[in-house]
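Have a look; sequence and predicted model below, questions after that.
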Amino acid sequence: MILLVVVCMGVPPAFAQGPFDASPGPYAVDIGVGTTALPAEAAFYPPLADGAFVPARGLGPAVGAHVYLFRVGPGRLGVGVAVLSASGHATTPVVEDGSEDDGTVPDVARVNGTYRIVAPQVSLNFGTARGWSYVSGGVGAARVTSTVTPGQLEAGSGWVRGLNVGGGARWFLRDRVGVGFDLRLHGLSSSTEAGTPGAVTFAAVAGLTLR
């Protein structure tokens, strides 16, 4: 985390001059694409035949909105929320002697996994209105769902608490249109009801920033 703070503080603001010498903000709306690792533990999936593959990563849309309030030391305090919905799939190779007699799905199976994350964040932002870097974290909610076909079996964690910590940067190439990225660790709490363990995953998001 200390390294992330140092890196983000070291990202130079782009074209920091003229009317853009103001502090970061006053708000930002992010629209992009994100990728994240999907939990691999068996509890997140329906019963599978031995050797069945599960998806390792998911890809999907990411959106966020943030407002910037006041200066705190060298940075400006911000609050906001980011949402990511990433899906992936894996297909097990055909095995001729696959069977459903043991209550598992056939050896020929497509496993689909989706990881939905709602991540409120408090951020500290360094730079100018033309470009800034940030570190942030917060507590929100997350959910892993999975299905297996054929059979349409389903499993998942249900909505549980999710912690997030990370950082990134935004650069504005025009007055109201820019680009940005976000790198983040997400901690998924265990679920007693669903029987799923806790998990930590890494997500990366990149896209457009509007204001």
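Arrived safely.

Roughly how far does Ala129 sit from Gly25?
Ala129 is 7 Å from Gly25, where distance means CB to CB, to the nearest Å. C-beta coordinates here come from the backbone N, C-alpha and C atoms, glycine included.

Which one's more surrounded, these two?
Between Ala129 and Gly25, counting by other CB atoms under 10 Å, Ala129 is the more crowded of the two (20 against 17).

Quick check: which element contains the more buried one?
For Ala129, there is no helix or strand it lies in under DSSP states H and E.

That one contacts Pro24, doesn't it?
Yes: under the criterion of CB atoms under 8 Å, Ala129 makes contact with Pro24 at 6.2 Å.

Please pull out the lowest mean pLDDT helix or strand from the protein.
Counting by mean pLDDT, DSSP states H and E, the chain has its least confident helix or strand at helix 2-10, which shows a mean of 43.

okay, stretch 41-50 in PDB with CA atoms only?
Included here for stretch 41-50 are C-alpha records, laid out as PDB according to Å, rounded to 0.1, in the frame of the first residue of the first chain:
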ATOM      1  CA  GLU A  41     -12.600 -22.100  -4.600                       C
ATOM      2  CA  ALA A  42     -15.100 -25.000  -5.300                       C
ATOM      3  CA  ALA A  43     -17.600 -23.500  -2.900                       C
ATOM      4  CA  PHE A  44     -18.400 -20.700  -5.400                       C
ATOM      5  CA  TYR A  45     -19.500 -23.200  -8.100                       C
ATOM      6  CA  PRO A  46     -22.100 -26.000  -8.400                       C
ATOM      7  CA  PRO A  47     -20.800 -29.600  -8.000                       C
ATOM      8  CA  LEU A  48     -18.400 -30.300 -10.800                       C
ATOM      9  CA  ALA A  49     -16.800 -33.500 -12.100                       C
ATOM     10  CA  ASP A  50     -13.200 -34.100 -11.200                       C
END
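
How about that stretch, which residues are buried there?
Within stretch 41-50, the residues scored as buried using 16 or more other CB atoms under 10 Å are Ala43, Phe44, Tyr45, Pro46, Leu48, Ala49.

cool, stretch 80-92 as well?
Gly80, Ala82, Val83, Leu84, Ser85, Ala86, Ser87, Gly88, His89, Thr92.
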